[in-house]
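> generate coordinates for the sequence data below:
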Amino acid sequence: MHAGLLQLRNISLSCVHGFSSLKIILQIVYIHVCYCSSALYMSSQSYQED
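Below you'll find the predicted structure:
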């Protein structure tokens, strides 16, 4: 019983670690998407002005 609880705790801890790293990855992707879309928007705006 005790070993089962310990294993369950290890699984939940690894899930939490995976979730936090996934959150970091999502944040990085979100920042890149925002940066790329704003850069494309700015280039399209300057292109239309000519």
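
> pLDDT averaged over stretch 15-23, what's the number?
Averaged over stretch 15-23, pLDDT sits at 88.

> what about residue 2, how many neighbours?
When neighbours are defined as other Cβ atoms under 10 Å, residue 2 has 6 of them. Just so you know, the C-beta spots here come from the backbone N, C-alpha and C atoms, and that holds for glycine as well.

> nope, residue 24 is what I was after
When neighbours are counted by other Cβ under 10 Å, residue 24 registers 10.

> so which helix or strand takes in it?
With secondary structure defined by DSSP states H and E, residue 24 is part of helix 2-49.

> which neighbouring elements make contact with that helix?
On a contact count with 3 or more Cβ pairs under 8 Å, 6 or more residues apart in numbering; DSSP states H and E, helix 2-49 meets no helix or strand.

> residues in contact with residue 3?
Listed by Cβ atoms under 8 Å, 6 or more residues apart in numbering, residue 3 has no contact partners.

> ok, now how distant is it from residue 29?
Distance, residue 3 to residue 29, by Cβ to Cβ, to the nearest Å: 39 Å.

> returning to what we had before: distance from the chain centre to the helix holding residue 24, please.
Counting by Cα atoms, centre = their mean, to the nearest Å, helix 2-49 is centred 0 Å from the centre of its parent chain.
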